[in-house]
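**Q** Sequence plus predicted model, see below.
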Amino acid sequence: MSGPRHYARVYRENSILTASPGQLILMMFDGAARSMAIAHAAFERPKSDLRRIEIINRELIRAQAIFSELRGCLNHEVGGEFARTMDGLYRYYNRRLLEANMRKQLEPLIEVENLFKTVHSAWSEMLRTQEVQSGERVLVSA
């Protein structure tokens, strides 16, 4: 098995294995953002599209799982107020995504996407700043 998919999978695995903790968080942020974008696009499909509900459900559950994992990564002893704030945000994101999924309403998803965009951008910028300060070349996606 040495086709393009195999090489892409190997590249992803190596990226994860060699990533810093900050980069791993950014990868999780990217995954949550991607899942929410896919769900958002599915909401905009015609209601007659039979796969619409399946896609919305799968992607919102995926985003919720990522936010739950991010909550589990928080160190409340070291993180103090920041960890408490992020814990509250992740819980809120999950609650609103659950609502979007159960009621099949786009509005809660849009709210989470907008709120999360700020956190995602700030984290990405923090990593870029650390990269410049340390002189390292870190590959991150925005």
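**A** That came in fine, so what should we check first?
**Q** center of the protein - which residue?
**A** When CA atoms, centre = their mean is applied to the chain, the residue found nearest the centroid is residue 32 (2.1 Å).
**Q** Hmm, residue 63 and that one touching each other?
**A** Yes. Counting by CB atoms under 8 Å, residue 32 touches residue 63, with 4.8 Å between them. In this view, the C-beta of every residue, glycine as well, is placed from N, C-alpha and C.
**Q** In which helix or strand does the residue nearest to the centre of the chain reside?
**A** helix 21-43 (DSSP states H and E).
**Q** what about the closest residue to residue 111 other than its chain neighbours, neighbour count?
**A** Among residues not flanking residue 111 along the chain, residue 96 sits closest, at 5.9 Å (CB to CB, 6 or more residues apart in numbering). The number of residues packed near residue 96 is 20, by other CB atoms under 10 Å.
**Q** Isn't residue 96 up against residue 108?
**A** Yes. Between residue 96 and residue 108 there is a contact under CB under 8 Å: 4.2 Å.
**Q** Tell me the buried residues in whichever helix or strand residue 128 is part of?
**A** Assigned by DSSP H and E, residue 128 belongs to helix 106-134. Neighbour counts over helix 106-134 (16 or more other CB atoms under 10 Å) mark 106, 108-109, 111-113, 116, 119-120, 123-124, 127, 131 as buried.
**Q** Adding distance to residue 43, write the residues you listed out as CSV.
**A** Output for the buried residues of helix 106-134, formatted as CSV (distance: CB to CB, whole Å):
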residue, distance to residue 43
106, 4
108, 11
109, 7
111, 13
112, 13
113, 11
116, 16
119, 22
120, 20
123, 26
124, 26
127, 31
131, 36
